[in-house]
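Asker: Pasting a predicted model and its sequence here:
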Amino acid sequence: MAAKVNASTKLRAGRFTRAGRRRTPVDVLRDTVLWVIILIFFLPALWIILTSIRPNVEINTRPPVWIPSALDFTSYKILFGMPTPQGSFDMGASIPVASYARNSFVIALVSTLIALTLGTLAGYVFARFRFKGKNGIFLSMMLLRAVPGVALSLPLFILFVRIGLSDKIVGMIIAYSAMNIPFTAWLMDGFFRAVPEELDDAALIDGCSRWTSFLRVGLPLALPGVAASGIFAFLTSWNEFALSTVITRTPASRTFPPALYEFTGSFVSDWRGMTALSVLMLIPAVIFVALVQRQLMEGLTSGAVKG
C-alpha cells in the first residue's frame, strides 16, 4: 500500500513539474508548426465562408480580395426563400434546399446506423470466433471497400433501375451502408481484439449469454471505435458525390453534393451561391463530428485511466 501511495505521489509530482516547467525553444517551434498546419487546413474553409458573403464583383477579381469590402448575405436569403434586392444574380432560387437537406440527413443518419450495427457485430465475430473461411471473407470485404465509388456508379445504376431503387432514398441508404460496413467491421475488429478475451470468459462463467457479454462487456469497452466509425460513416455518406450524382436524378432523393453542380451553367457559374450551399453543408457535419468526437475522447481517456 505504501509503495502505491509513493508511486502515485511521484506521478503527481512528475505531472506538476512537467506542467509547470518553462517553455523551451523546441516547444515554441513545435507549437508554431502545429498552428501553421492548422491554418493551412482551415484556409480553404475560411475562403469558402468569405466567398459566400462577399459582393459578386470581388469573387473573380485579380489579385484576389481576401477581406470582403462589405458583407452580402443575398445568397443565403435566396437559398432560404427570403426576399432579395432586384437584379441580384443567384442560381439558388430554383434549388429546393429543404428537400436536399431532408434527403441528406435521412440518408446519412440511417446508413450510418445500419453500418455501425452490422459492422460492429461483424467486427466482434471476426475478433472472437474462429470459423472456416474467416480470413478469406475478411479479405474480400476489405477488397470490396477498396473499389472506388466512380467504378461502382454505373453498375449500381443499372442494377437499381432494374429492381426499382433508382432515384429512391432507400437505394442510396443501401449503397452507402454497403460502402461503410467493411471499414466499420475492420476498425471494430481491431478494437475488440484489444479487449481481453478473459473478460468475456468471466462474463460467461457468471451466467451471461454470448449476446449479454457482448452488450455489457465488449461493446462498452469498444465505444471509442464505435465513435470513430460513426464519424467516418457519416462524413462518407454526407459528402459522397460520385454515386449520388448517378443514382439520384430528382429532388425526391438528391442530396447536397450533387446539388452543388446545379450552380454551374453553360457559360457562367454562381460561385457565391455554391459556396453558400457549401457552408450550409459544413455546419451539420461539424456539429456531428464535434458531438461524437467528445464521446470518442471521453472513451479513450476512460480507457487510459482504467488501464
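Answerer: Sure, I can see it.
Asker: Please make it C-alpha for all contacts and neighbour counts, starting now.
Answerer: OK.
Asker: In the stretch 1-150 of the chain, where is pLDDT below threshold?
Answerer: Within the stretch 1-150 of the chain, the stretches with pLDDT under 70 are 1-21, 83-93.
Asker: 80 instead?
Answerer: For the stretch 1-150 of the chain, applying pLDDT under 80 flags the ranges 1-23, 56-62, 64-65, 80-95, 144-150.
Asker: which residues of it fall in strands?
Answerer: Secondary structure of the stretch 1-150 of the chain, counting by DSSP state E, counting those that start in this stretch: no strands present.
Asker: So what does Ser269 have for phi and psi?
Answerer: phi -130, psi 140 (degrees, to the nearest 10).
Asker: quick one, what contacts the spatially closest residue to Ser69 that is not a sequence neighbour?
Answerer: Excluding the flanking residues, the one nearest Ser69 by CA to CA, 6 or more residues apart in numbering is Arg54, at 7.4 Å. With contacts defined as CA atoms under 8 Å, 6 or more residues apart in numbering, Arg54 is in contact with 68-73, 272.
Asker: The most centrally placed residue in the chain: helix or strand, and which one exactly?
Answerer: Centrality entry for the chain: nearest residue to the mean C-alpha point is Leu235, 2.6 Å, by CA atoms, centre = their mean. Using DSSP states H and E, Leu235 sits in helix 223-239.
Asker: burial of Trp186, as a residue count?
Answerer: 22 (other CA atoms under 10 Å).
Asker: my guess is it is in a helix, correct?
Answerer: Yes: Trp186 sits within a helix when classified using DSSP: H, G, I helix; E, B strand; the rest coil.
Asker: I'd guessed it sits against Tyr124; true?
Answerer: No: distance between Trp186 and Tyr124: 9.9 Å, which falls outside the contact criterion (CA atoms under 8 Å).
Asker: Can you show me the helices along this structure?
Answerer: 2-20, 25-52, 74-79, 97-128, 134-146, 149-163, 169-194, 197-205, 210-213, 219-221, 223-239, 242-247, 256-260, 271-306 (DSSP state H).
Asker: can you redo these as TSV with distance to Asn60?
Answerer: Output for the helices of the chain, formatted as TSV (distance: least, CA to CA, whole Å):
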stretch	distance to Asn60
helix 2-20	49
helix 25-52	10
helix 74-79	16
helix 97-128	25
helix 134-146	38
helix 149-163	31
helix 169-194	36
helix 197-205	61
helix 210-213	60
helix 219-221	52
helix 223-239	26
helix 242-247	27
helix 256-260	18
helix 271-306	9
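Asker: quick one: which of those is nearest Pro63?
Answerer: When the helices of the chain are compared by CA to CA, helix 25-52 sits nearest Pro63, at 14.4 Å.
Asker: could you say what helices and strands the closest one packs with?
Answerer: Contact analysis of helix 25-52 by 3 or more CA pairs under 8 Å, 6 or more residues apart in numbering; DSSP states H and E lists helix 271-306 as its packing neighbours.
Asker: cutoff 10 Å now
Answerer: Judged by 3 or more CA pairs under 10 Å, 6 or more residues apart in numbering; DSSP states H and E, the packing partners of helix 25-52 are helix 74-79, helix 271-306.
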